[in-house]
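Colleague: A structural model of the following input is requested.
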Amino acid sequence: MRRGRNRFASKRILWILSIAFFILILIFLLIWQTELVRKSPTTNPRTEDAISPQDENYLFNAKVSVFTKSDGKETFTVDYQGKRLRSNYSDEKFFDDKSNGNVVVDYTIVKQKGGVDVVYRISNPTQSPQRVPDLKIDGILNTNKQIENPEYYQAKNSAGFQSMELTSGRINFIDSYYPSNYYSPVVVMRDKSFTAGSALQYPYLDYKQNVRTTISMNNNTNSPRYKTWSHRYRDFNDASSFQDGANAMIQPGQQLRYVITLRFSEPKNWIFTLYPYKKYFDNLYGKDSGNVKNRNLIPIRGMQIGDGFLVNENNPRGYRGIHGSDGRIDLKGWGPLTDWFIQDTKDLGYKRVLIWLPSGAYDNESNNFPPQFMSNWLPNVINTEGNLTKYIENEIELGFWWGNSNKIPVPNIWEPDTLVKSDYENQDHKRFLATELVLARKRNAKFIGLDKFTQMPVYQRILWLEDMKRIIPGAEFGHESPGPDSIHRKMPNIGAPSAFGNVPGVDLLTWYLNPSATIYILGDGEYGNVDFLKNMSKWGYTPIPKDTRLSVNDFTMSLIECNDGIDQRGDGRVDYYDCGCLAGSEVETGDARCLNN
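Modeller: Numbering: from 1, shown residues only. Predicted coordinates:
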């Protein structure tokens, strides 16, 4: 009996050992496979911080000293390799009160790698609304000499760094409101020695406040801070207006929280001074996929078929005589123009088209382009709209440009007296806008360019965008006069260099915050040339050549290695995490000397 039990116990032990051995084999295979993947050069698009070094490694390993002055207030200094980058002064301020002392402002300075965070808690103990104070950091020691090449970053229209002409006597730079007219609430200045970059963290959708971002030089000869720099976040106002609204107020008993992050780096590493803002932005609005392949890089052929200056009694909508007289769709209908445009577009290699002024132009030029881009069509135009289905039949994506897309005609007729800014809370306004979109959906529009989309407050634009997507499921919308970071997370931007200025290179801030987001660039006028569009194509923008017959093959180029989302060298430093790319190369070099490990 005992021998039988021993035999059973031995079998049980053998069975357990076999299972354990099998599990060990599985674990070994899993580790081996993981190690192979880790060591193998990757050609996959970068996703977030998957294989890249921590962004903080590109900041200075600076000596940051936070201490309390004799007046009981905190301050700080920053030094790097024997050079002072930020100093404290007797007349420095971290805020400017706007409430005659009624608001209580507490701030704490928190030491961080490469700089500090200044955390503000602002409360209103009174029984009446009070103005929000200006927030700032004084005493930044970037150069005040023109010879040392001072530059500030213009976070607007992909403009990049701008030279600071100090000899002109100018002391304030940027001076733009976020989010109504500026991509991000950031201030970046660099010279030959270092970059100082700051950002303001606050929950815009909760506070509904615009803020003016400014970098200023102190020009008071009696101040200890004479010719030093201040990063300022000021003139907070009510976001219900574009940028000229009433002062932003803190309500009785309310407490608001803001954070200014300030970091220092080498000049070429400037983008990483904004790493704290990137983390905050992702937490606030959700993480971007990080996949460059999610950008829509397929070029669009643009065609404007009307002009206000052509309006007369024989051409009441100002249609252009494109391809002979085929553009006169008021006389010939859509048929001849559509047939020619589709065939010509296919011959040139395009898969997408965008048509301006399908309803024609107003005689009153000051109101152009008409917001009735889909309604009020003339009889011969609407009676021949069935021709628009030919785009689908020929596998071409059809798009329309929505003129003054955030304005309402008053009265709602062709040739209105005026156009007023739309209000998301106004049901009549929403009804007008929604009617235009329903007609666009009926006509198989797959892309809609939103002209002057800035005329609605940003928080309303975000809500309205979600409505638009529900009305035309699957359609893509583009924000002209480029929208801020929060909207760009949700829809493409459209830049127009002929209106807003040249695009000198890769928009690194945009693609640092929103790497998968698309930026369309209108190639019209002097910017409709091959060389410009080639640069746009290789830098990751999507060209829209307008009113030209350029072939897609004339300007389409592969993305430069520094902006393609691929780890070309298998070293984990993708695109602008490669020091060569940061230094201006278009290819990854494997250089790691810009890291401060």
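
Colleague: Against Thr273, how distant is the residue nearest the centre of the chain?
Modeller: Central residue of the chain (CA atoms, centre = their mean): Asp485, 3.7 Å from the mean position. As for Asp485, its distance to Thr273 is 16 Å (criterion: CB to CB, to the nearest Å). For glycine as for every other residue, the C-beta is placed from the backbone atoms N, C-alpha and C.

Colleague: same question, Glu148
Modeller: 18 Å.

Colleague: Name the residue in the two with the higher neighbour count.
Modeller: Using other CB atoms under 10 Å, the more surrounded residue of Glu148 and Thr273 is Thr273, with 31 against 12.

Colleague: For the more buried one, which residues are in contact?
Modeller: Leu59, Gly114, Gly115, Val188, Thr195, Ala196, Gly197, Ser198, Leu262, Arg263, Phe264, Ser265 (CB atoms under 8 Å, 6 or more residues apart in numbering).

Colleague: Helix or strand: which one has the closest residue to it other than its chain neighbours?
Modeller: Among residues not flanking Thr273 along the chain, Gly197 sits closest, at 2.7 Å (CB to CB, 6 or more residues apart in numbering). Using DSSP states H and E, Gly197 falls within strand 195-201.

Colleague: pLDDT averaged over the helix or strand following that strand - what is it?
Modeller: Per DSSP H and E, strand 195-201 leads on to helix 204-207 as the next helix or strand towards the C-terminus. Taken as a whole, helix 204-207 has a mean pLDDT of 97.

Colleague: name the helices or strands packed onto helix 204-207?
Modeller: helix 458-471 (3 or more CB pairs under 8 Å, 6 or more residues apart in numbering; DSSP states H and E).

Colleague: Provide the strand pairings for the next helix or strand after the helix it packs on, with the direction of each partner.
Modeller: Proceeding N to C from helix 458-471, the next assigned helix or strand is strand 476-480, under DSSP H and E. Here strand 476-480 is paired, per DSSP bridges, with strand 447-450 (parallel), strand 493-495 (parallel).

Colleague: Can you list the buried residues in strand 476-480?
Modeller: Glu476, Phe477, Gly478, His479, Glu480 (16 or more other CB atoms under 10 Å).

Colleague: Is the last one bridged to anything, and to what?
Modeller: On the basis of DSSP bridges, Glu480 takes part in beta bridges with Ile494.

Colleague: so what's it up against?
Modeller: Listed by CB under 8 Å, 6+ apart, the contact set of Glu480 reads Gly449, Leu450, Asp451, Lys452, Phe453, Ile494, Ala496.

Colleague: let's see it at 6 Å
Modeller: Leu450, Asp451, Phe453, Ile494 (CB atoms under 6 Å, 6 or more residues apart in numbering).

Colleague: what's near enough to touch the third one?
Modeller: In this case it means Phe453. Taking CB under 6 Å, 6+ apart, one finds Ser405, Asn406, His479, Glu480 in contact with Phe453.

Colleague: Check the spacing between it and Gln460 real quick.
Modeller: 11 Å.

Colleague: ok, now the last one?
Modeller: Ile494 sits at a distance of 19 Å from Gln460 (criterion: CB to CB).

Colleague: lowest average confidence, helix or strand, in this protein?
Modeller: helix 2-39 (a mean of 51; mean pLDDT, DSSP states H and E).

Colleague: Toward the C-terminus, what is the element adjacent to that one?
Modeller: Trace forward from helix 2-39 with DSSP H and E and the next one is strand 63-68.

Colleague: Mind giving me the packing neighbours of that next one?
Modeller: strand 74-80, strand 104-112 (3 or more CB pairs under 6 Å, 6 or more residues apart in numbering; DSSP states H and E).

Colleague: Direction included, what does the longest one pair up with?
Modeller: When sheet partners are counted by DSSP bridges, strand 104-112 sits next to strand 115-123 (antiparallel).

Colleague: buried residues in the partner strand?
Modeller: In strand 115-123, counting by 16+ other CB under 10 Å, buried: Gly115, Val116, Asp117, Val118, Val119, Tyr120, Ile122, Ser123.

Colleague: and of these, the nearest to Ser585?
Modeller: Proximity of the buried residues of strand 115-123 to Ser585, judged by CB to CB, is greatest for Gly115, which lies at 27.0 Å.

Colleague: any idea how far Asp55 is from the closest residue in space to that closest one that isn't next to it in sequence?
Modeller: Leaving aside its sequence neighbours, Gly115 sits nearest to Arg263 (CB to CB, 6+ apart; 3.9 Å). In this view, Arg263 and Asp55 are 10 Å apart by CB to CB.

Colleague: Compare the two (neighbour count), which wins?
Modeller: Each of Arg263 and Asp55 has its neighbours counted (other CB under 10 Å); Arg263 has more, 31 against 20.

Colleague: Phe60 is in contact with that one, correct?
Modeller: No: using CB atoms under 6 Å as the test, Arg263 is too far from Phe60 to be in contact (8.1 Å).

Colleague: Overlap of the contact sets of the two?
Modeller: Gly114.

Colleague: Quick check: beta-bridge partners of Ile448?
Modeller: Beta-bridge partners recorded for Ile448 (DSSP bridges): Phe400, Phe477.

Colleague: quick one: the residue lying closest to Val552 once chain neighbours are set aside and Asp554, what's the gap?
Modeller: The shortest distance from Val552 to any non-neighbouring residue, by CB to CB, 6+ apart, is to Gly349 (3.6 Å). Gly349 sits 9 Å away from Asp554, going by CB to CB.

Colleague: ditto for Val187
Modeller: 40 Å.

Colleague: ditto for Asn100
Modeller: In terms of CB to CB, Asn100 sits 63 Å off from Asp554.

Colleague: Check Asp307 too.
Modeller: The value you get for Asp307 to Asp554, if CB to CB is used, is 26 Å.

Colleague: Give me the below-cutoff pLDDT ranges for the stretch 401-550 of the chain.
Modeller: Counting by pLDDT under 70, the stretch 401-550 of the chain shows no low-confidence range.

Colleague: Quick one: the strands in it, in order.
Modeller: In the stretch 401-550 of the chain, the strands defined using DSSP state E, counting those that start in this stretch lie at 407-410, 418-421, 447-450, 476-480, 493-495, 519-523, 542-545.

Colleague: Need those strands in TSV (columns: distance to Tyr153).
Modeller: Converted to TSV, these look like this (distance: least, CB to CB, whole Å):
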stretch	distance to Tyr153
strand 407-410	31
strand 418-421	30
strand 447-450	26
strand 476-480	21
strand 493-495	16
strand 519-523	17
strand 542-545	23
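
Colleague: Out of the ones you listed, which gets nearest to Thr221?
Modeller: The nearest among the strands of the stretch 401-550 of the chain, by CB to CB, is strand 493-495 at 41.6 Å.

Colleague: Show me how far the closest one is from its chain's centre.
Modeller: Centre-to-centre, strand 493-495 and its host chain are 9 Å apart (CA atoms, centre = their mean, to the nearest Å).

Colleague: ok, now which ones touch Ile260?
Modeller: With CB under 6 Å, 6+ apart, Ile260 has these contacts: Val118, Ile137, Ser198, Leu200.

Colleague: so it, which of the three states?
Modeller: strand (DSSP: H, G, I helix; E, B strand; the rest coil).

Colleague: Excluding covalently adjacent residues, which one is nearest to it?
Modeller: Val118 (4.6 Å).

Colleague: Please apply the same query to His323.
Modeller: Trp340 (4.9 Å).

Colleague: so where does that neighbour fall, helix or strand?
Modeller: helix 334-348.

Colleague: Domain ranges for this structure, per the record?
Modeller: 60-285, 302-558, 560-597 (automatic domain parsing).

Colleague: Span of the first one from start to end?
Modeller: Across its full length, domain 60-285 reaches 28 Å end to end, with CA to CA, to the nearest Å as the criterion.

Colleague: that older thread, and the strand holding Gly197, what does it pack onto?
Modeller: strand 186-190, strand 255-265.

Colleague: from the chain's centre, how far out does the longest one sit?
Modeller: Meaning strand 255-265. So, by CA atoms, centre = their mean, the centroid of strand 255-265 is 20 Å from its chain's centroid.
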